[in-house]
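**Student:** sequence first, then the predicted structure:
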Amino acid sequence: MGTKKPINILLVDDRPEGLVALESILRDPDYNLIKVGSGREALGQVLAHDFAVILMDVQMPDMDGFETTALIKKRERSKNVPIIFLTANSEADDHILMGYSVGAVDFVLKPLDPKILRSKVAVFVDLFKKNLLLQEQAEFLRDVERRERLRTLHELETEGRRRYQNLADAIPQIVFRTDSSGSVDYFNQFWVRYSGMA
């Protein structure tokens, strides 16, 4: 159990140099870094992949980080994906409040501190891996329970047939059943005595 595939992390920044910086800080064989340059591209990636965490630049043309996050959080499959906003604006409390109100879990100020960013991302990747493991274990338990129910049903069916056979053999009448082609597919002991066939 447990995932061996690299974990998807979405990097969203309209500036190519911002994406290069994020990639160089987060480069790790356990991570699959998917880089996009706009909120619209981010939405497309969220439709196509599951992410452990999304790093989102706040200020982007066309659709900013707040709008993009609000749309991501409306979708059932992506509503719980943690989003960390990246911003150079450390003075705007309104900015931070707005980010939290649309669903951000954290803010990281630019210029980025590589150690802090790596540690924050690592926490969310670890949570993602643990959730995957829990989902796999739950699926395994459901499969075990399903097999156990099938085994129990088979035992009950076998016991029911045995009891029915005992009952049919105990009555002094001929009991038999044929299939649609007329072949006998069930009979009791009196049928065997009467017909001489087993």
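**Tutor:** That came in fine, so what should we check first?

**Student:** which one is R15 nearest to, not counting chain neighbours?
**Tutor:** In space, R15 comes closest to D57 once its chain neighbours are excluded; the distance is 7.5 Å by Cβ to Cβ, 6 or more residues apart in numbering. Where C-beta positions appear, they are placed from N, C-alpha and C, glycine not excepted.

**Student:** number of nearby residues for V46?
**Tutor:** Residues lying near V46 (other Cβ atoms under 10 Å) number 22.

**Student:** and if you look at the one 3 residues further on?
**Tutor:** Residues near H49, counting by other Cβ under 10 Å, number 13.

**Student:** so what pairs up with the residue nearest to R15 in the strands?
**Tutor:** For D57, the beta-bridge partners are L86 (DSSP bridges).

**Student:** I'd guessed it sits against E17; true?
**Tutor:** No: in this structure, D57 is not within contact of E17 by Cβ atoms under 8 Å, at 11.5 Å.

**Student:** the two: who's more crowded?
**Tutor:** For D57 versus E17, neighbours defined as other Cβ under 10 Å are more numerous around D57 (25 against 8).

**Student:** residues contacting the more buried one?
**Tutor:** For D57, the contact set (Cβ atoms under 8 Å, 6 or more residues apart in numbering) comprises V12, D13, D14, R15, G18, G65, F85, L86, T87.

**Student:** out of the residues you listed, which two are the most distant from each other?
**Tutor:** R15 and F85 (14.9 Å; Cβ to Cβ).
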